[in-house]
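[1] Sequence below, structure please.
(2 chains)
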Amino acid sequence: MKGLKRSHYTNDLSKAEIGAEVTLTGWVQRRRDHGGLIFVDLRDRFGLVQVVFSPDQQQEAFAKAEDLRKEYVIAIVGEVAKRPEGTINPDLATGEIEINVQELRILDSAKTPPVQIDGEKKVGEDLRLKYRYLDLRRPEMQENLILRHKVMKKVRDFMDQKHFLEIETPMLTRSTPEGARDYLVPSRVNAGKFYALPQSPQLFKQLLMVSGLERYFQIAKCFRDEDLRADRQPEFTQIDIEMSFMNQEKIMSLMEELIKELLAEVGITDVGEFTRLSYAEAMERYGSDAPDLRFALELVDISEIVAEAEFNVFSGTVESGGQVKGINAKGCADFSRKDLDELTEYVGIYGAKGLAWIALREDGINSPITKFLSEEELTGIIEEMEAEEGDLLLFVADQPKVVAAALSNLREKLAVELELIDEDEFNFAWVTDFPLVEADEEEGRFVSLHHPFTAPKDEDIELLTEDPAQVKAKAYDLVLNGVEIGGGSLRIHNRELQEQIFEILDLSPAEIEEKFGFLLEAFDYGAPPHGGIAFGLDRLVMLLGGLDTIRDVIAFPKTQNATCLLTEAPSNIDQEQLEELNLEIDIEEEDLL
RNA sequence: GGGGAUGUAGUAGAGCUGGUCUACAACACCGGCCUGUCACGCCGGAGGUCGCGGGUUCAAAUCCCGUCAUCCCCGCCA
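    The predicted structure is shown next:
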């Protein structure tokens, strides 16, 4: 490109530049060859501009333009010209002008791309991922990455302004017993030992508080070796924040300020009040600790009404410690048997053994269960659920966990099908007062709901010894449109309490010392009260962009099988590398393909 | 580990109650024509192991079994 230096980006150009000589570079989006005249749409990161090759202008450039194909990389020198009368393209930002080319240089030719870059047709995701560098040429994808950049930039500006320091923490760290499965990295120098990639910088940020940095943040890569979902990747990014000498209220209001500024940055200003819900209330009313508050369809507990019912599915469940809850699907009394079968199958995914229903139709009540209910019980249900003619009442009877999972998901499914969701709304809610621990039936012990460093509420400290399950935590989650986008807590900052929690989690003193000795020791040297929060950057950007998967806001994401179709990672490695690390592969040769 | 959906030219689809399927048109591609197009147009052309393997059958893109890949979900994700 000797001697040719870009003078403008495509979208810099407007009527103001008419007559100017400009040098542009970019990709050929499309070529329209009219024989005696060739139009090329030149694309750069900022947009498109039409460049015109005409033998009247420049014979040599015109001849060369005959060879141009899609995605060729070119540089042109030409004059900005007003488009002739009647040829203005109102759909194009630069549609009032065009470039009459004097000189064309082909900087690189290109094979016909396997995915269409300018097309509206959607391409299979496997191909998009294999040719991710081409997929990322699409303006939609570039906009997603730009949005992500803007959010990150705003985070840094905001945090800096609030006196936070961005501090990096190690990627090679030690494995911790609680939490997700670790990604492990073998140590060559220390044969037989492993580093773990961080699930989050949790311990380091707490140590930074002990160090007296007071306000820390980091846009941190985190790694969790668990199965993937539309909103879960094995490596993802957290906006990680920690501060000293703050109470929960101050942290939450500072974070609201941050979130509002982030939204304003991307043009979303009509954000309502952040709702506050206790965990207990969220579970009671929505069956979820991350409820979508853009619509109602609240869960109603009718356990008491049907406790003595002849209908054994209800009364028997209540008797054995379960509950019966329902949703009033307004105006759905005309659902067909097939619709109802489908919903029943749907709640089955979440472990519900059935879905009872009462349809309040014009010609009376239609239901397979009302014959087992007394007049009084039926009236009680209808009253409790504020049901009227035209409504469909749907019930699940089971253990509270199953009822919550089934009905919270049913609630969301109904909201989508009944079009109750305003897609433009950004509805934030804080969920607070989480239980500190919950019983893990499989392992027969308590496990932390958040993580083991979360502080219990002061008034519940006495309960720690008697009934740990009743202890509430100084923890808070931020939920946006039914998606958990962040969570945090005040931390324990003294050794005694932290040791007590570890004991409740059934960690032996030896284990505690081995795994967390360094943290407890740090607390012996003057640890300030501290707390923080971490936001899932990918999820946040996904929601701001109105997207369905975080893959669309990650430049090079993995497939659901945690592979990279572009680089074909993970891959086999040389025997030599294994030997250097003192590792042996213990699977059959033929499986190692 | 489990449930579900999808897999047909480069791409996205139709065909899939088995037989004129020698697999269809579209977009893209290649060639020709065209000086005002902008999803340019017109004419012509090339392009397919119907994901892969096996089975049923006189006959399989179509039915059955297995397998692989991608996606959605359950489990899992402090």
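[2] where's the residue nearest to A:His163 when sequence neighbours are not counted relative to A:Phe158, distance?
    For A:His163, ignoring the flanking residues on the chain, the nearest one in space by Cβ to Cβ, 6 or more residues apart in numbering is A:Arg215 at 5.5 Å. Where you see a C-beta, it was placed from the backbone N, CA and C, and this is true even at glycine. If you measure A:Arg215 against A:Phe158 using Cβ to Cβ, to the nearest Å, the figure is 12 Å.
[3] So for stretch A:46-55, what gets flagged as buried?
    Under the neighbour-count criterion of 16 or more other Cβ atoms under 10 Å, stretch A:46-55 has A:46-54 buried.
[4] Need these in TSV (columns: secondary structure).
    Formatted as TSV, the buried residues of stretch A:46-55 follow (DSSP: H, G, I helix; E, B strand; the rest coil):
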residue	secondary structure
A:Phe46	coil
A:Gly47	strand
A:Leu48	strand
A:Val49	strand
A:Gln50	strand
A:Val51	strand
A:Val52	strand
A:Phe53	strand
A:Ser54	coil
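[5] So stretch A:177-189, near RNA strand B or not?
    Yes. Interface with RNA strand B: stretch A:177-189 contributes A:178-181 (Cβ under 7 Å from any atom of the strand).
[6] Any of those residues buried? List them.
    For the residues of stretch A:177-189 next to RNA strand B, buried by 16+ other Cβ under 10 Å: A:Gly179.
[7] Let me have the residues of stretch A:177-189 next to RNA strand B in TSV, adding pLDDT as columns.
    As requested, the residues of stretch A:177-189 next to RNA strand B are arranged in TSV below (pLDDT from 0 to 100):
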residue	pLDDT
A:Glu178	77
A:Gly179	86
A:Ala180	94
A:Arg181	95
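[8] The residues of stretch A:177-189 next to RNA strand B into CSV, with extra columns for secondary structure?
    Formatted as CSV, the residues of stretch A:177-189 next to RNA strand B follow (three-state DSSP):
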residue, secondary structure
A:Glu178, coil
A:Gly179, coil
A:Ala180, coil
A:Arg181, coil
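[9] and the stretch 201-350 of chain A, which residues reach RNA strand B?
    A:202, A:224, A:226-232, A:349-350.
[10] Most neighbours among these, which one?
    A:Gln202 (22 neighbours; other Cβ atoms under 10 Å).
[11] about what we covered before: bridging residues for the residue nearest to A:His163?
    A:Met243 (DSSP bridges).
[12] so who does it touch?
    Listed by Cβ atoms under 8 Å, 6 or more residues apart in numbering, the contact set of A:Arg215 reads A:159, A:162-165, A:242-244.
[13] Looking at those residues, spot the one nearest RNA strand B.
    Of all the contacts of A:Arg215, the one with the least separation from RNA strand B (Cβ to the nearest atom of the strand) is A:Glu242, at 12.2 Å.
[14] still on that earlier bit, mind checking how far the residue nearest to A:His163 is from RNA strand B?
    20 Å (Cβ to the nearest atom of the strand, to the nearest Å).
[15] what are the bridge partners for A:Arg30, then?
    A:Asp41.
[16] how many other residues sit next to it?
    15.
[17] Compare the contacts of A:Arg215 and tell me which has the most neighbours.
    Counting by other Cβ under 10 Å, top hit in the contacts of A:Arg215: A:Glu242 with 29 neighbours.
[18] pretty sure it is in contact with A:Gly531, am I right?
    Yes. A:Glu242 is within contact range of A:Gly531, at 7.2 Å (criterion: Cβ atoms under 8 Å).
[19] if we can go back for a sec, select from the residues of the stretch 201-350 of chain A next to RNA strand B every entry located in helices.
    Members of those lying in helices (criterion: DSSP state H): A:Gln202.
[20] And the furthest pair within the residues of the stretch 201-350 of chain A next to RNA strand B?
    Across these, the longest distance by Cβ to Cβ is 32.4 Å; it joins A:Gln202 and A:Ile349.
[21] just the strands in the stretch 301-450 of chain A please.
    A:323-329, A:356-361, A:364-366, A:392-398, A:428-432, A:437-440, A:445-448 (DSSP state E, counting those that start in this stretch).
[22] Of all these, which one comes closest to A:Ile268?
    Of the strands of the stretch 301-450 of chain A, nearest to A:Ile268 by Cβ to Cβ is strand A:428-432, at 11.3 Å.
[23] What's the mean pLDDT across the closest one?
    Mean per-residue pLDDT for strand A:428-432: 97.
[24] can you list the residues of the stretch 201-350 of chain A next to RNA strand B in CSV and add pLDDT?
    Converted to CSV, those look like this (pLDDT from 0 to 100):
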residue, pLDDT
A:Gln202, 96
A:Arg224, 96
A:Glu226, 97
A:Asp227, 97
A:Leu228, 97
A:Arg229, 97
A:Ala230, 97
A:Asp231, 97
A:Arg232, 97
A:Ile349, 95
A:Tyr350, 96
